[in-house]
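Undergrad: Let me see the structure of the following:
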Amino acid sequence: MRCAANTELVDRVPVPSGCAYRAVFAGEPERITAELAVELRRVLERFAEEAGATAAKPVRIGFGRGIFGHHQVGRAADIYAVNGLRLDGWKRCWDTAQCRAARAADKSERRLIVETEQKQNLGWRLYKALQLYGRWAQPYGYPIQLFGPWTRSEGPWRPISNFLLNAHRDHIHMSK
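TA: Next comes the predicted model:
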């Protein structure tokens, strides 16, 4: 007879890589439910292709291991980096561009600065792809389970608490 903890581990799979993206881990790959793996592969592949990645030159997506909440049962994953740059670095680039745009002399210059940043900032593009294309958990009475550095300005659930925003300032958390 197998114990429940062993059954849960057997039912989990590693975070998948796709054709145009590679899942990268600092240590042992996190094991997640098959349902979350399918959803991540679907959304991350679309993100990578839209970002211009290919099988020959895939985008690297750096995952980290979570230990709280949905992570305990394999229903959540955390992304910490895109192409070697941490998410808080992508967010700093985003904020810098937004400040430059706010100081721009005219509307067309502001638009150009914002459009250029939206095209180049893979962290922001990843967050938006997860928001637009993902089907994340939303437990009854709780917000949709997608949090990250852009949640307050871009997210599907913007009234995030300072505590929750601070906890996700350096990574994107999603749960299925």
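
Undergrad: Where does Asn81 fall, secondary structure wise?
TA: In this structure residue 81 is Ala, not Asn. Taking DSSP states H and E as the definition, Ala81 sits inside strand 76-82.

Undergrad: same check, this time on Ala97
TA: Using DSSP H and E, Ala97 falls in helix 87-103.

Undergrad: could you point out which element follows that helix?
TA: With secondary structure assigned by DSSP H and E, helix 87-103 is succeeded by helix 107-120.

Undergrad: Distance of Arg75 relative to Asp95?
TA: Counting by CB to CB, to the nearest Å, the gap from Arg75 to Asp95 is 31 Å. C-beta: built from backbone N, CA, C; applies to glycine.

Undergrad: I misspoke; the intended subject was Thr33.
TA: Taking CB to CB, one finds Thr33 at 34 Å from Asp95.

Undergrad: do the same with Glu39
TA: 29 Å.

Undergrad: which residues does Ile172 form a beta bridge with?
TA: Ile79 (DSSP bridges).

Undergrad: Now do the contacts for it.
TA: Contact analysis of Ile172 by CB atoms under 8 Å, 6 or more residues apart in numbering lists 78-79, 87, 126-127, 130, 146-149.

Undergrad: Also Arg75?
TA: 32-33, 36, 137, 175-176.

Undergrad: farthest pair in those?
TA: Maximum pairwise distance in the contacts of Arg75, criterion CB to CB, is 12.5 Å, between Ile32 and Ala137.

Undergrad: Looking at those two, which has the bigger crowd around it?
TA: Ile32 (25 against 16; other CB atoms under 10 Å).

Undergrad: Name the strands paired with the helix or strand harbouring the more buried one and say parallel or antiparallel.
TA: For Ile32, the host element (DSSP H and E) is strand 31-33. Applying DSSP bridges, strand 31-33 is found paired with strand 12-14 (antiparallel).

Undergrad: ok, residues contacting the strand it pairs with?
TA: Under the criterion CB under 8 Å, 6+ apart, residues 23, 29-34, 37, 74 lie in contact with strand 12-14.

Undergrad: go again using 7 Å as the cut-off
TA: Strand 12-14 is touched from outside by 29, 31-34, 37, 74, with contacts defined as CB atoms under 7 Å, 6 or more residues apart in numbering.
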